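Student: Fold the following and give me the result.
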Amino acid sequence: MNSSSPATTCTPTILCERAGINDTTRFLAEYSAYLLGCGATTMRLEMNVNRMARVWGYEADLFTLPRHIHLTLRDIASQETNTVTVSVPPVPINFAVNTRLSNLSWKVADGKVDFSDAVALYRRIIRVPKQNDILLMLAVAAANAAFCRLFGGDIAAMLIVAVSTFCGYFLKLTMLCHHIDVRLTVIACAAVSSILAAGDYLFAISGTPALAVGTSILYLVPGIPFINSFSDLFNRHYICAFSRFLDAVILTGCLSLGLCIGMALMKISMF
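Tutor: The predicted model follows:
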């Protein structure tokens, strides 16, 4: 459990407009849970929550679990305490939302918004408009094709990687939309992308077929969980660090399994 830093002097204007301890605890717990789901590190969670809690006259004690947030607030004046545990919502990683939620904490700290305004802004931020799936798939396909080029693939290999990535990502969005387990989704997408890219071996389209197959699945690599796990480890959040690292390792294993399935179906030797 991680204790907050010592309380600072709170702005009187904000304090007179603050909500009760129950509403404040619930809001800060939901805020931190959504922030964690969006891909924030536990260090950012602590800083943002403590920043807002101090302004409203509370001390926060935040305990971060892999799928839950356990928050205790203590009223500095009355010493009253309240504890809330909330589940981390299954939302996609979104750094735009992550940044906007962090900016919200600074607006509270600077006295620009009171509690009711903060809740309203939070609700507005998390109502993320539906993204354009076609543009997203095109962007991911272009990025993965660029990886192919970075590793030495030729133009034909880049086009093959772009097509296989586009189809694999379409399958990923479809399966996740139907709430299929993410591990099964990664296996299926890796298999489909590698099968499509393996067509380069069969028809000798490019001069770098191995690179086409190898880079066709890079869009599935769980880079953010790996990075966040090391960040949490350095900041002594060992439970979250281990959980995120294990999730990333499992997804990497699923990716590798899907690649092996695709290569086996296409009868391509891995060595």
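
Student: use CA for all of it now, contacts and neighbours both
Tutor: Will do.

Student: Which helix or strand in this protein has the lowest average pLDDT?
Tutor: Counting by mean pLDDT, DSSP states H and E, the chain has its least confident helix or strand at helix 12-16, which shows a mean of 38.

Student: Could you pull up the mean pLDDT of the following helix or strand past that one?
Tutor: Per DSSP states H and E, helix 12-16 leads on to helix 21-37 as the next helix or strand towards the C-terminus. Helix 21-37 shows a mean pLDDT of 92.

Student: What is helix 21-37 packed up against?
Tutor: Secondary-structure packing of helix 21-37 (3 or more Cα pairs under 8 Å, 6 or more residues apart in numbering; DSSP states H and E): helix 42-55, strand 68-75, strand 81-87.

Student: Poorly predicted segments of this protein, please.
Tutor: The model of the chain has pLDDT under 70 over residues 1-18, 270-271.

Student: Confirm Leu62 sits in a strand?
Tutor: Yes: counting by DSSP: H, G, I helix; E, B strand; the rest coil, Leu62 is part of a strand.

Student: Give me the distance between it and Pro129.
Tutor: Distance from Leu62 to Pro129, counting by Cα to Cα, to the nearest Å: 30 Å.

Student: do the same with Ser78
Tutor: Ser78 is 41 Å from Pro129, by Cα to Cα.

Student: How about Asp61?
Tutor: 33 Å.

Student: So for these two, which residue has more residues nearby?
Tutor: More neighbours surround Asp61 than the other of Asp61 and Pro129, with 21 against 7 (other Cα atoms under 10 Å).

Student: The more buried one and Asp75 touch, don't they?
Tutor: No: at 11.7 Å, Asp61 and Asp75 do not qualify as touching, with contact defined as Cα atoms under 8 Å.

Student: Give me the neighbour count for Phe242.
Tutor: Neighbours of Phe242 (other Cα under 10 Å): 16.

Student: show me what contacts it?
Tutor: Residues in contact with Phe242 (Cα atoms under 8 Å, 6 or more residues apart in numbering) are 229, 233.

Student: just the one 3 residues further on next, same as before
Tutor: Phe245 sits next to 225-226, 229-230 when contact means Cα under 8 Å, 6+ apart.

Student: Can you check those residues and name whichever has the most neighbours?
Tutor: Among the contacts of Phe245, the one with the most neighbours (other Cα under 10 Å) is Ser229, at 25 neighbours.

Student: Pull the CA coordinates from stretch 94-113 and hand them back as CSV.
Tutor: Written as CSV, here are the backbone C-alpha positions of stretch 94-113 (Å, rounded to 0.1, in the frame of the first residue of the first chain):
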residue,chain,number,x,y,z
ASN,A,94,-5.8,5.4,-25.2
PHE,A,95,-3.1,8.0,-24.6
ALA,A,96,-5.3,10.9,-25.7
VAL,A,97,-7.8,10.1,-22.9
ASN,A,98,-4.9,9.4,-20.6
THR,A,99,-3.5,12.9,-21.2
ARG,A,100,-6.9,14.6,-20.9
LEU,A,101,-7.5,12.9,-17.5
SER,A,102,-4.1,14.1,-16.3
ASN,A,103,-4.9,17.6,-17.4
LEU,A,104,-8.1,17.4,-15.5
SER,A,105,-6.1,16.8,-12.3
TRP,A,106,-4.1,19.9,-12.9
LYS,A,107,-7.2,22.0,-13.5
VAL,A,108,-8.4,20.9,-10.1
ALA,A,109,-5.0,21.6,-8.5
ASP,A,110,-4.9,25.1,-10.1
GLY,A,111,-8.4,26.0,-8.8
LYS,A,112,-9.9,26.3,-12.2
VAL,A,113,-12.7,23.7,-11.5
